[in-house]
Structure formats: C-alpha cells, structure tokens
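Would you be able to build a 3D model of this:
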Amino acid sequence: MSKLIKIIFYSGMIFLFPSQVCFPQNKILDEIAKINYQNNSLQWQKRNRHLIPSLSEAEAILKLNQDRDFDSQDIDKDGVVNHLDPSPFDWREIGYQPFGVLEFLSWRHPWNEYKYREEQLERVLKLIKESGAAFIRVDFIWEDIEPQKGKYIFDKYDKIVSLCAKENLRLLAILDYSASWAAARWNSPPNNLQDYAEFCKVVVNRYKDKIKYWEIWNEPDSQIYWIPQDDMATYTKLLEISYKAIKQVDPSSKVVLGGVTEAGYYAIKRIYENGGKNYFDIINIHPFVDPLSEQGFQRIFIIYDKLERLMVQFKDSNKKIWFTEIGCPGVGKNIKSKGWWKGKSPDEKKQAEFLFKIYTQLIKLPNLEKIFWAFFRDNKDHFKNDIDYFGLIRWDFSKKKSFYAYKKSFIKWLNSQENYRNKKRKED
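Residues are numbered from 1 along each chain as shown. All right, here's what the predicted structure looks like:
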C-alpha cells in the first residue's frame, strides 16, 4: 500500500489516510470508534450529518497544515470534544455552532475612515471572542490582494488570518469585488470571468489550512453590488467557474452562495433555473426586517419557509441555510437619528431585545445553520445614516446592550448543548 496506509469506516463512510500523514494509528482507531454519530441525539444528527467529510474531503483535510493532538479528547483543538465532532481532524469545522458576526476587518482605506488600522485588530478580535461568536464574515477584496494582474499582496490578509487563528476564530471569506484592472466598475463582474476564478484559486491555496468557507461575491441580486441585473445569468456563470476552481485547490472547502437580499428568494430561484444547483454548498440570504413592526420578526420565518420549499422543489434539501447578514441599528441617546431603509431606528435597548429573539428562537430552525449579526462594530459616517449603528460595540469600542444580549444568548445556547464543549461558561 504505497499511497494509503489505512482504511477506516466512520459513520457509514470510508476514510482513507494518506501515507505522508504521520500519526499513532492505534490511537486514531480508538478515537474513531468513539465518534459514532448514531449514538448521538436526533438533533445532533440533523444538525451535523452533512458535515461528515466525504472520502475525497477527508483525504484533503489530512493533507492540510493543521496542529492535531491525537492523544487529546479534542484532536483538532477546535473546542468540540471528539465524540461530538462531525469532522474531528479539521480545525476549520466546529460543527453546529450558529454564532457569527459580519465585521469589516479588511477595511483600511480612506473611504471607510481606515476602520481597522493594524494595531486595532487584536482589540476587536478579543471582543468578538468574548461575545461567543465563532465565525467572522470578512471581505477579501480583490483590488487589495491583486491590484495589478498577477501581482499579489497578502500582508494585510496574512495578519487578519493569523490573528483570527490565534483567537480560535474562523473566517467566512467573501471573495469580492472586481479589481480595477479587471472590470469597468468595482460592482460589475470582470470582463473575463476566468480572471476572478484565478484570483479565487490563488487566495484559497494560500489560506486553505485556516479557511474552509468561501463566499462568491456579496448581494449579487442588488444593483448596488452587481451590474448588470440579468436574472442572475452572469452570476451563475461566475459561480460555476469559481466553484470548480476552489474545489480543484481544496476538495474539502465549502462554497457559499453570495448572500442575497431579503427579497433574494427570486434570485436563488433564478440560479437554480440557470443550472447553478451543483455549484454551491450553502444557501445564503440576508433577511433584514423592521424590528419595530409587529410582523417584522415573523417575516423571517416566512423567508426561511419559502427557501426550504424552493430547495425541495429543486431536489436540493440536503443543503443548509445561512443568514450571513441580519441586524438593525442601535442608536444611542445622544445621537440624532437619520433612520435606515426600514424607516424609524430602534434605540440600543430595542436592538438588544431584537437580537436576543433572533439568537434564542431562530437557531431552533432545523436547517438554519449559522446566523451572522451585521455588524460587530459601528462605522463612522460611512453609510451616512443609521446603518452606521448596526454594531454590538460603538466606534470607540465600548459595549452596547446588544453585546451583552449576544453573549447571554450564546451562553444560553452553549449550556443547552450537553458536552458540546469541555466546560460550560457562566455569565459575568
């Protein structure tokens, strides 16, 4: 057996371990024997079964440069005990942990007030870790990384990825928008779609040890972020070539559909009709609603239900749904409110109440896997209205009531997961 040293049966699937990966074989067999999802609860099966790697994914995972402790009850050191970890060899995968945030860690430009100078990154990441969030959705901006065709600059993103790993935080990387040399406008697809696919390959290859989830663009159903609006025809083509490029580099990676707006049900339907079903692993939508409306919160359930029915219609119901943006303003007492696109803005107390409902009620939906609050920190006059106050912390890094509501809901969830992590957490 020159290429393979062991065949292991795991939860009905076969794992092949490459010979170049060195580990105590007997110990691995002992650990694998404990990881039998059939002995877990029905809830665990529904939440995690899809996360068990396929044969090709398992091979790719074990080739990654990750720190593994085969003598530990947590082999990949991701905080999930082995017998409840659907992918116990992959640090990038932490099973059903639904808490995420959107934060613009890569914003270091004049147009965003240099939101994150390098010395501020550690500060905000410690606060994100304290809140209980496990995932951060971050723009990996094409113009930043490849300002000239074939010339790549990774310094800023190397730092972001490294610091997030240090804090045990995972990244959902958005590969967006067009570089200035590749298209007439930043919000248009590149003239040559293959240029974007090549960008994807280079970035994924560099960060595949630490990043598993890659999102293809942001809100391609909105004319703000994607021109032209052509019933998702061009986007579906971009999705296909990007998916193939990413899987070529890392078969264990997961491609996330570019998050569509709250009206994006129709955009996702168009992607299915355009033949895009096989070119994404996760459905992604931004179900913004008015938290001050009696019908607002219930509308989220309607959006979710419509998506589930759409997935059944196209025989794609095995995939999970992510809400990678959901949120509302929390405007402080001394701030003159300008409103947002839903109208009147909630104050900081109402924002916290709305958030707590989201993270204690929506996470019970069986196919909703992750919810990313948009966003973690307020902006400084970027949107020129109350969207700048979506944060859980203010521009000066002070905590809002919503920060504590987020943390409280995380602890409530964590303490309901028997043996999910090595120990429970208490509220401060």
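
Contact partners for residue 164?
If a contact means CB atoms under 8 Å, 6 or more residues apart in numbering, then residue 164 has 125, 136, 170-171, 210 as its contacts. Placement of C-beta: from N, CA and C, glycine included.

ranges for the strands of the stretch 151-300 of the chain?
170-176, 213-216, 254-256, 282-285 (DSSP state E, counting those that start in this stretch).

Rebuild the ones you listed as JSON lines, extending it with distance to residue 384, mean pLDDT and mean neighbour count.
Formatted as JSON lines, those follow (distance: least, CB to CB, whole Å; pLDDT from 0 to 100; neighbours: other CB atoms under 10 Å):
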{"stretch": "strand 170-176", "distance to residue 384": "21", "mean pLDDT": "98", "mean neighbour count": "23"}
{"stretch": "strand 213-216", "distance to residue 384": "26", "mean pLDDT": "98", "mean neighbour count": "25"}
{"stretch": "strand 254-256", "distance to residue 384": "29", "mean pLDDT": "98", "mean neighbour count": "22"}
{"stretch": "strand 282-285", "distance to residue 384": "26", "mean pLDDT": "98", "mean neighbour count": "24"}
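
Give me the distance between the residue nearest the centre of the chain and residue 140.
Against the mean C-alpha coordinate of the chain, by CA atoms, centre = their mean, the closest residue is residue 172 at 3.7 Å. Separation of residue 172 from residue 140 (CB to CB, to the nearest Å): 10 Å.

List the contacts of the nearest residue to residue 343 once chain neighbours are set aside.
Closest residue to residue 343 apart from its sequence neighbours, by CB to CB, 6 or more residues apart in numbering: residue 290 at 6.5 Å. By CB under 8 Å, 6+ apart, the contact set of residue 290 is 296, 328, 342-343.

From these, which land in strands?
Among the contacts of residue 290, no member falls in strands (criterion: DSSP state E).

Run a quick neighbour tally on residue 247.
By other CB atoms under 10 Å, the residues close to residue 247 number 19.

Make sure it is actually in contact with residue 254.
No. Shown here, residue 247 and residue 254 do not form a contact pair, counting by CB atoms under 8 Å, at 9.6 Å.

need the contact list for residue 87.
Residue 87 makes contact with 51-53, 61, 76, 93, 95 under the criterion CB under 8 Å, 6+ apart.

can you pull the pLDDT of it?
In this model, residue 87 is scored at 89, pLDDT.

Please name the residues that touch the closest residue to it other than its chain neighbours.
Leaving aside its chain neighbours, residue 87 sits nearest to residue 93 (4.2 Å; criterion: CB to CB, 6+ apart). Shown in contact with residue 93 (CB under 8 Å, 6+ apart): 51, 78, 86-87, 212.

need these in TSV with secondary structure and distance to residue 149, can you?
Formatted as TSV, the contacts of residue 93 follow (DSSP: H, G, I helix; E, B strand; the rest coil; distance: CB to CB, whole Å):
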residue	secondary structure	distance to residue 149
51	helix	37
78	coil	37
86	coil	40
87	coil	36
212	coil	27
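
neighbours around the closest residue to residue 258 other than its chain neighbours, how many?
Excluding the flanking residues, the one nearest residue 258 by CB to CB, 6+ apart is residue 217, at 3.9 Å. Applying other CB under 10 Å, we find 23 residues neighbouring residue 217.

ok, now residue 111?
If we define neighbours as other CB under 10 Å, then residue 111 has 8 of them.

For it, grab phi and psi.
The phi/psi pair for residue 111 (degrees, to the nearest 10) reads phi -70, psi -10.

follow-up on the earlier one: please verify my assumption that the residue nearest to the centre of the chain contacts residue 137.
Yes. Taking CB under 8 Å as the definition, residue 172 is a contact partner of residue 137 at 4.4 Å.

got any residues that touch both of the two?
With CB under 8 Å, 6+ apart as the test, residue 172 and residue 137 both reach 100, 215, 324, 372.

Any of the residues you listed buried? List them.
By neighbour count, with 16 or more other CB atoms under 10 Å, the shared contacts of residue 172 and residue 137 hold 100, 215, 324, 372 as buried.

pLDDT weak spots in this protein?
1-40, 418-428 (pLDDT under 70).

Where does the record place the domain boundaries for it?
The chain breaks down by automatic domain parsing into domains covering 4-84, 99-416.

one step back: now that we have the contacts of residue 290, which one has the most neighbours?
Most surrounded of the contacts of residue 290: other CB under 10 Å gives residue 328, at 27 neighbours.
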